[in-house]
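Trainee: Just the structure for this:
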Amino acid sequence: MFAIRKLDAQEGQVVPYFDAGGNPTFRPPQTLGSEDLVYSLISNIVRGDSSRFLDHPGLDQMREEGVRNVVLIDDSIGSGDRVTSFMRSMMQSKSLLSWWSYGLIRFTIVSYARTREGEKVVVRSMVGSNHPKRIFPKATKIDFKSERVYAGSDLKLRWEKRYEDILRR
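Mentor: Residues are numbered from 1 along each chain as shown. This next block holds a predicted model:
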């Protein structure tokens, strides 16, 4: 399991998530908002069942444990840009990219809420094809799990009863 976080891009370049040794890059010590909550949730889940879950593993540990499902967790997905950026950073690893291309790993993206538009952006951004002749079309290798799923333009569903108050302000 990995907490989705914004990685500082350098002049439009994708920053690799894994360092040269295959370990996750350094996480800054300052508070990172909702990401801190996600990190805490992951830590508690792993503490409760370390035989099934790994907390931000490196590539060697993923290889040794035979990881086949990478779970990415975020509080919400709006445009899909943060998830896309994070996944591109992970895919800078030749090992992870190879596992993805051969259909050896799948991604489950968990969030409390997401837009349908953001979901489409994430799938479109990944390398690979959805052609029906592909053994593993890329859309079959990404699964989304959310409590709330809505169209970005559906303000009533997104904000419930208070949407009119929000529009008035």
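Trainee: Dihedrals phi and psi, the residue nearest the centre of the chain?
Mentor: Centre of the chain computed as the mean C-alpha position; nearest residue by CA atoms, centre = their mean is L72, 3.7 Å away. The phi/psi pair for L72 (degrees, to the nearest 10) reads phi -110, psi 130.
Trainee: list the contacts for it?
Mentor: Neighbouring residues of L72 by CB atoms under 8 Å, 6 or more residues apart in numbering: 1-2, 4, 83, 86-87, 107-110. In short, each C-beta sits where N, CA and C put it, glycine included.
Trainee: D49 too?
Mentor: Contacts of D49 by CB under 8 Å, 6+ apart: none found.
Trainee: Name only those of the contacts of L72 that count as buried.
Mentor: With burial judged by 16 or more other CB atoms under 10 Å, the buried subset of the contacts of L72 is 1-2, 4, 83, 86-87, 107, 109-110.
Trainee: I'd like the list of the contacts of L72 that fall within helices, please.
Mentor: Counting by DSSP state H, the part of the contacts of L72 found in helices is 83, 86-87.
Trainee: Show me which of the contacts of L72 is closest to H131.
Mentor: Distance ranking of those against H131, using CB to CB, places F107 first at 19.3 Å.
Trainee: Tell me what that closest one is bridged to.
Mentor: Beta-bridge partners of F107, counted by DSSP bridges, are V70, I142.
Trainee: which ones are touching it?
Mentor: By CB under 8 Å, 6+ apart, the contact list for F107 reads 69-72, 87, 141-143.
Trainee: Out of those, who's the most crowded?
Mentor: Among those, M87 has the most neighbours (other CB atoms under 10 Å), with 24 neighbours.
Trainee: Thought V123 was touching it, still the case?
Mentor: No - using CB atoms under 8 Å, M87 makes no contact with V123, being 10.3 Å away.
Trainee: Alpha carbons only: can I get stretch 83-101 in PDB?
Mentor: The C-alpha trace of stretch 83-101 is given here as PDB (Å, rounded to 0.1, in the frame of the first residue of the first chain):
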ATOM      1  CA  VAL A  83      -2.900  10.100  -9.100                       C
ATOM      2  CA  THR A  84      -1.600  10.300 -12.700                       C
ATOM      3  CA  SER A  85       1.500  12.100 -11.600                       C
ATOM      4  CA  PHE A  86       2.100   9.700  -8.700                       C
ATOM      5  CA  MET A  87       1.700   6.600 -11.000                       C
ATOM      6  CA  ARG A  88       4.000   8.100 -13.600                       C
ATOM      7  CA  SER A  89       6.600   8.600 -10.900                       C
ATOM      8  CA  MET A  90       6.300   4.900  -9.900                       C
ATOM      9  CA  MET A  91       6.500   3.800 -13.500                       C
ATOM     10  CA  GLN A  92       9.900   5.400 -13.900                       C
ATOM     11  CA  SER A  93      11.100   2.200 -12.400                       C
ATOM     12  CA  LYS A  94      12.000  -0.200 -15.200                       C
ATOM     13  CA  SER A  95      11.000  -3.200 -12.900                       C
ATOM     14  CA  LEU A  96       7.600  -1.800 -12.100                       C
ATOM     15  CA  LEU A  97       7.000  -0.900 -15.700                       C
ATOM     16  CA  SER A  98       8.000  -4.400 -16.900                       C
ATOM     17  CA  TRP A  99       5.600  -6.000 -14.300                       C
ATOM     18  CA  TRP A 100       2.800  -3.700 -15.500                       C
ATOM     19  CA  SER A 101       3.500  -4.400 -19.200                       C
END
